[in-house]
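Asks: Need coordinates for the below:
(chains A and B)
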Amino acid sequence: MIAALQRRNAPSPERLLAHYRTMARIRAFENAAERLYNEKRIPGFVHLSTGQEAIPAGVCANLLAGDQITSTHRGHGHTIAKGGDVGRMMLELFGRAGGYCQGKGGSMHIADFAIGMLGANGVVTAGLPIAVGAAHAAKLLGRDTVVACFFGDGAVNRGPFLESLNWAAVYRLPVLFVCEDNRWAATTPTATMTAGPGIAARAEALGLRTASCDGNDVAAVDDLAGELVREVRAGGGPLFMIARTYRWSGHTSADAGAYRNADEVARAKADDPLARTRAQLAGLGVAVHDLDAALAAAEAEIAEAIAAAEAAPPPRLADALGEVQDIGAPVFAAAGARP
Amino acid sequence: MPIQVLMPALSPTMEEGKLAKWLKAEGDAVKPGDVIAEIETDKATMEVEAADEGVLGKILVAAGTEGVKVNTPIALLLGEGEDKSALAAVATAAPAGNGAGSPAAAAEARVPAPAIAAPKPTAAAAPAEPEYSGPTQTQTVREALRDAMAEEMRRDKTVFLMGEEVAEYQGAYKVSQGLLQEFGPKRVIDTPITEQGFTGLGVGAAMAGLRPIVEFMTWNFAMQAIDQIINSAAKTRYMSGGQMSCPIVFRGANGAAARVAAQHSQEYSSWYAHCPGLIVIAPWTAADAKGLLKSAIRDPNPVVFLENEILYGRSGEVPKEGDHLVPIGKARVVRPGAHVTIASFSRMMEVAMAAAEQLAKEGIEAEVIDLRTIRPLDTATIVDSVKKTNRLVSLEEGWPFAGIGAELSAVMMEQAFDWLDAPVVRVTGEDVPMPYAANLEALTLPSPAKVIAAVKASLYRS
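Replies: This is a model prediction of the structure:
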């Protein structure tokens, strides 16, 4: 394990304020998604990353436009932090034409290949081999792309976790594995279901160096990710980062998370990454007015996205059969043949 | 606001058609499902059903009009409480044409559910297969597959091969002989025994701009990876709203070899053919193995390429000159005949041909079709044949339930019902896991004798 890093590059007030804006946009999006789901205005499985905003904000701030990420079922924050369009995300949550997936994907399948966002994924751990494959492609193509691979603590118990880390290490691929340890694997406390000395030990057993940080401190995430991304880009091979955080909501929007201890949830909410960043910024002399303006801008952006999504038409019925393959759409399966 | 009824499409490629006749007149009440008109193309006729309840307010396109573009409004339907005065609003509000550019018009317009006439036989969008009359060379299927990969790797630097033992060991079945030597370890990659991992890796590499060929030592082991094949590769394009295709070839030995028992003897055609987003190819001859694998590597879609261990050592004539590409989605009539059609693929083609030889001695001429591509299935070639022979026997190594024969039976019901003189007969592997003992194994696999019996049943002979 890399020794606790000194804060060599404490972020400037400007950089920290940019993180705050990103986190505020994610928070506003997640709060809106939760509200819209509860009001039955959007359907499906919506997995919220409320409380985990500092990790995508701090990691993606260190990625270049050509870098790539893979995400999870809990992926809204990653898309936003990588530069995704919240308007097209919201259209997708509403299942409307013009959404990222033309209404055919929904929350769990949002992808934006143009910005290197290779997709949320509805299958736990499925993003890991995809990230490693993208990194392998970068190596073969001679590109200096870095792939940041986000996944949760629940993923470490699935087979592809081992398969992916092993491959990335064997080929020294440019992957930064980012484990967002929110302590809950769906509705089960991860610690009760994970043998051995912990997540880092598993990665280290495969020869990956690991480092961990307080995932609710965006400056710490930024600092650690910055160092690791630089090292990965310089050819240092795959590295493994653990960011400790907490999932404020249940597993999905339909899950109240009542199986959790109320004190545990209350303590986690008191450790709000946005509030912490706000306090840091105030300490650096940033005016309250500017902080409030960041929150207001985020709220306004999301409100506009919701209004636009609700006004947008549904996808055309004919499009239900499109975009399956490059050879054109299938014909509707038919009954009542009439030669 | 009156509802626009739009000119529907019989198929995704249809651009225009003839509005043959109106079955309802202006002023008639219609309910959802009522047939209101008939449209025609040169290929088929389709009934147009109302999708909504209302009164046919105005017919915009007269009966007999030719060349009506798809999505053109053809009528206006008045909803509850609307009278004819509402029609005037549409004249100004709705743009001419399909209104696709206007969200409001698109939202208002209803594409009528096709009342669904006969589905059109498909030969996919495949180009015609070029006739080759140049010199050939005798090659094994194994060599033909290797040459296909080598040629495509020379042609396109983004193509690479990975799988267990494909590099140093030259392939578990020696299909990748010489590739490591020619292309080096960056493009011929040995993997650990990690099917789910390297399959997902291939998908990621395809998303990032490469064209991976993923070899499964056999398809039996791909069951570890089926999540990535279906959930990632096959669905990428659809789930992302068409942003990204996943150009990747999954290939390896499929089906029963000999005496390797239940977990190593499975035939996966129908498993993968079930899934939209995948192309499924199962070649028989060396020439087709080469030409189809080359086409598969160039195809922008994920392709499941099902080889066969026993066929690897079989030889055939393979074109020697030029770029030998066989179109995906085209079946081939291998042996013409007038009395019965036998449709099969992969190693079972040997059984089909042996049966046809035997039947010919008894005066029964079987037309034998090699499907070659399972999905998209070339139904046109099969339907054309059955229109001539009036009988179909399907032959596959896999299990009967929901197998390829079941699909062919359904196709015959839908597209050739009036031409059938006998029920379709399916010859399949027996509905059991593959047994180990030689006699039991032979019993469960299709044989020429079983095919001959099926043909005779179809001809009502004994």
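Asks: give the contact list for residue B:276.
Replies: Listed by Cβ atoms under 8 Å, 6 or more residues apart in numbering or on different chains, the contact set of residue B:276 reads A:324, A:325, A:330, B:234, B:238. The C-beta positions use only the backbone N, C-alpha and C, and glycine is treated the same way.
Asks: whoops, I mixed them up, residue A:125
Replies: A:151, A:155, A:158, A:159, A:160, A:161, A:164.
Asks: do you know how far the residue of the stretch 251-400 of chain B found nearest chain A is from residue B:247?
Replies: Nearest residue of the stretch 251-400 of chain B to chain A (Cβ to the nearest Cβ) works out as residue B:300 at 4.1 Å. Distance, residue B:300 to residue B:247, by Cβ to Cβ, to the nearest Å: 5 Å.
Asks: Who has more neighbours out of these two?
Replies: Each of residue B:300 and residue B:247 has its neighbours counted (other Cβ atoms under 10 Å in any protein chain shown); residue B:247 has more, 23 against 15.
Asks: returning to what we had before: what pLDDT is listed against the residue of the stretch 251-400 of chain B closest to chain A?
Replies: We have a pLDDT of 95 for residue B:300.
Asks: Give me the three-state assignment for it.
Replies: For residue B:300, the assignment made with DSSP: H, G, I helix; E, B strand; the rest coil gives coil.
Asks: and residue B:450, which of the three is it?
Replies: Look at residue B:450: counting by three-state DSSP, its state is helix.
Asks: who's in contact with the nearest residue to it once chain neighbours are set aside?
Replies: Excluding the flanking residues, the one nearest residue B:450 by Cβ to Cβ, 6 or more residues apart in numbering or on different chains is residue B:427, at 5.2 Å. By Cβ under 8 Å, 6+ apart, the contact set of residue B:427 is B:393, B:394, B:395, B:396, B:405, B:446, B:450, B:451, B:454.
Asks: distance of residue B:427 from residue B:311?
Replies: Separation of residue B:427 from residue B:311 (Cβ to Cβ) stands at 19 Å.
Asks: In space, what's closest to residue A:90 - neighbours in sequence excluded?
Replies: Residue A:90 sits nearest to residue A:305 (Cβ to Cβ, 6+ apart), 3.9 Å away.
Asks: quick one: pLDDT of residue B:279?
Replies: The model reports residue B:279 with a pLDDT of 97.
Asks: Just give me the neighbour total for it.
Replies: Neighbour count for residue B:279, taken as other Cβ under 10 Å: 27.
Asks: Could you find the closest non-adjacent residue to it?
Replies: Nearest in space to residue B:279, with sequence neighbours left out and distances taken as Cβ to Cβ, 6+ apart, is residue B:303 at 4.5 Å.
Asks: What of residue B:132?
Replies: In space, and not counting its chain neighbours, residue B:132 is closest to residue B:319: 4.8 Å by Cβ to Cβ, 6+ apart.
Asks: List the beta-bridge partners for the one you found.
Replies: Per DSSP bridges, the residues bridged to residue B:319 are residue B:136.
Asks: that older thread, out of the contacts of residue B:276, name the ones that lie in helices.
Replies: Using DSSP state H, the members of the contacts of residue B:276 that fall in helices are residue B:238.
Asks: how about low-confidence regions in chain B?
Replies: Filtered on pLDDT under 70, chain B yields the residue ranges B:1, B:10-13, B:43, B:85-86, B:88-120, B:122-128.
Asks: What is the longest helix of chain A by residue count?
Replies: Every helix in chain A considered (DSSP H), the longest is helix A:13-38.
Asks: which parts of that helix are buried?
Replies: By neighbour count on 16 or more other Cβ atoms under 10 Å in any protein chain shown, the buried set for helix A:13-38 is A:16-34, A:36-37.
Asks: related to what we said a few turns ago, test my guess that the residue of the stretch 251-400 of chain B closest to chain A contacts residue B:211.
Replies: No. Residue B:300 lies out of contact with residue B:211 (Cβ atoms under 8 Å); the separation is 9.3 Å.
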